[in-house]
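*Asks:* Turn this into a structure:
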Amino acid sequence: MLLPAQQDVDNRLAHVMLESPTPEGSAYVSATFAPNQSNGCGATYDAVMYWSKSCDAVATQQFDKLKRVGPLKKDILVMDGGVATKVFLMTAGNGCVSIKKEVVL
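*Replies:* From the prediction side, this is the model:
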(Lines give C-alpha, C1' and ligand atoms only; values in the text may rest on other atoms or scores of the structure.)
Protein backbone atom coordinates (compact mmCIF):
# COMPACT_ATOMS: atom_id res chain seq x y z
CA MET A 1 0.00 0.00 0.00
CA LEU A 2 1.42 3.37 -1.02
CA LEU A 3 0.57 6.70 0.61
CA PRO A 4 2.11 9.38 -1.62
CA ALA A 5 1.91 13.11 -0.98
CA GLN A 6 -1.14 14.76 -2.49
CA GLN A 7 0.88 17.63 -3.97
CA ASP A 8 4.51 18.60 -4.52
CA VAL A 9 5.35 14.88 -4.59
CA ASP A 10 9.05 15.38 -5.34
CA ASN A 11 9.53 17.34 -2.11
CA ARG A 12 7.27 15.50 0.33
CA LEU A 13 7.42 12.27 2.33
CA ALA A 14 6.13 9.06 0.75
CA HIS A 15 5.02 6.06 2.83
CA VAL A 16 4.85 2.38 1.89
CA MET A 17 3.30 -0.39 3.99
CA LEU A 18 3.55 -4.07 3.15
CA GLU A 19 3.23 -7.57 4.53
CA SER A 20 6.44 -9.54 4.29
CA PRO A 21 6.36 -13.34 4.61
CA THR A 22 8.90 -14.88 7.00
CA PRO A 23 9.58 -18.45 8.14
CA GLU A 24 7.74 -17.63 11.41
CA GLY A 25 4.68 -15.97 9.80
CA SER A 26 4.35 -12.45 8.43
CA ALA A 27 5.90 -9.13 9.33
CA TYR A 28 4.32 -5.71 8.87
CA VAL A 29 6.85 -3.37 7.27
CA SER A 30 6.40 0.38 7.00
CA ALA A 31 8.90 2.56 5.14
CA THR A 32 9.08 6.32 4.78
CA PHE A 33 11.09 8.04 2.06
CA ALA A 34 12.24 11.67 2.22
CA PRO A 35 13.43 13.15 -1.08
CA ASN A 36 15.83 16.03 -1.56
CA GLN A 37 17.78 15.63 1.67
CA SER A 38 21.29 17.04 1.98
CA ASN A 39 22.72 13.59 1.16
CA GLY A 40 20.12 12.65 -1.44
CA CYS A 41 17.10 10.59 -0.47
CA GLY A 42 16.61 9.55 3.16
CA ALA A 43 14.54 6.61 4.36
CA THR A 44 13.46 4.79 7.50
CA TYR A 45 11.61 1.54 8.01
CA ASP A 46 9.86 -0.32 10.81
CA ALA A 47 9.46 -4.10 10.73
CA VAL A 48 6.89 -5.41 13.23
CA MET A 49 6.50 -9.10 14.00
CA TYR A 50 4.83 -11.34 16.58
CA TRP A 51 6.90 -14.22 17.98
CA SER A 52 5.33 -17.13 19.89
CA LYS A 53 8.17 -17.14 22.45
CA SER A 54 9.35 -14.86 25.24
CA CYS A 55 11.07 -11.56 24.52
CA ASP A 56 14.18 -12.90 26.27
CA ALA A 57 14.25 -15.82 23.80
CA VAL A 58 13.66 -13.45 20.85
CA ALA A 59 16.50 -11.20 22.03
CA THR A 60 18.86 -14.15 22.41
CA GLN A 61 17.88 -16.11 19.28
CA GLN A 62 16.83 -13.49 16.71
CA PHE A 63 18.79 -10.39 17.67
CA ASP A 64 21.89 -11.92 19.27
CA LYS A 65 24.24 -9.51 17.42
CA LEU A 66 22.60 -6.48 19.07
CA LYS A 67 23.43 -5.10 22.50
CA ARG A 68 20.77 -5.06 25.25
CA VAL A 69 20.56 -1.53 26.59
CA GLY A 70 17.69 -1.98 29.03
CA PRO A 71 14.07 -0.85 29.04
CA LEU A 72 12.75 2.06 26.99
CA LYS A 73 10.88 3.13 30.11
CA LYS A 74 9.42 0.13 31.95
CA ASP A 75 8.13 -2.77 29.83
CA ILE A 76 9.82 -2.46 26.42
CA LEU A 77 13.33 -3.91 26.07
CA VAL A 78 15.66 -1.99 23.75
CA MET A 79 18.29 -3.71 21.63
CA ASP A 80 20.97 -1.48 20.07
CA GLY A 81 22.39 -2.12 16.61
CA GLY A 82 24.26 1.18 16.41
CA VAL A 83 23.28 4.75 15.72
CA ALA A 84 20.86 3.85 12.89
CA THR A 85 19.27 0.59 14.16
CA LYS A 86 17.18 -0.20 17.22
CA VAL A 87 14.91 -3.13 18.08
CA PHE A 88 12.14 -2.82 20.65
CA LEU A 89 10.77 -6.00 22.27
CA MET A 90 7.39 -5.94 23.98
CA THR A 91 5.62 -8.84 25.72
CA ALA A 92 2.29 -9.71 24.09
CA GLY A 93 0.33 -12.45 25.82
CA ASN A 94 2.56 -15.54 25.87
CA GLY A 95 4.74 -14.19 23.08
CA CYS A 96 6.66 -11.11 22.03
CA VAL A 97 6.28 -8.31 19.48
CA SER A 98 9.51 -7.03 17.91
CA ILE A 99 9.72 -3.63 16.27
CA LYS A 100 12.90 -3.07 14.29
CA LYS A 101 13.54 0.58 13.43
CA GLU A 102 16.30 1.47 10.99
CA VAL A 103 17.41 4.67 9.30
CA VAL A 104 18.81 3.97 5.84
CA LEU A 105 21.44 6.51 4.92
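
*Asks:* Secondary structure of Thr60: a helix, I assume?
*Replies:* Yes. Under DSSP: H, G, I helix; E, B strand; the rest coil, Thr60 falls within a helix.

*Asks:* low-scoring stretches of the protein, by residue?
*Replies:* Applying pLDDT under 70 to the chain picks out residues 9, 37-38.

*Asks:* make it 50
*Replies:* For the chain, applying pLDDT under 50 flags no range at all.

*Asks:* quick one, helices of it?
*Replies:* Counting by DSSP state H, residue ranges of the helices within the chain are 55-61.

*Asks:* how about the strands in it?
*Replies:* Along the chain, the segments classed as strands by DSSP state E run 2-3, 14-22, 25-37, 40-51, 67-71, 76-80, 85-92, 95-104.

*Asks:* Listing partners with orientation, what would you give for the last one?
*Replies:* Right, the one you point to is strand 95-104. Each strand that strand 95-104 pairs with, and the sense of that pairing, follows from DSSP bridges: strand 40-51 (antiparallel), strand 85-92 (antiparallel).

*Asks:* ok, and what's touching the longest one?
*Replies:* So that's strand 40-51. 20, 22, 24-35, 57-58, 62, 92, 95-105 (Cβ atoms under 8 Å, 6 or more residues apart in numbering). In short, each C-beta sits where N, CA and C put it, glycine included.

*Asks:* same thing but at 7 Å, please
*Replies:* Applying Cβ atoms under 7 Å, 6 or more residues apart in numbering, the contact partners of strand 40-51 are 22, 24-25, 27-35, 58, 92, 95-104.

*Asks:* Who are the contact partners of Ser30?
*Replies:* Shown here is Ser30, whose contacts under the criterion Cβ under 7 Å, 6+ apart are His15, Met17, Tyr45, Asp46.

*Asks:* at 10 Å instead, please
*Replies:* Remark: with contacts taken as Cβ atoms under 10 Å, 6 or more residues apart in numbering, Ser30 is in contact with Met1, Leu3, His15, Val16, Met17, Leu18, Thr44, Tyr45, Asp46, Ala47, Val48, Lys101.
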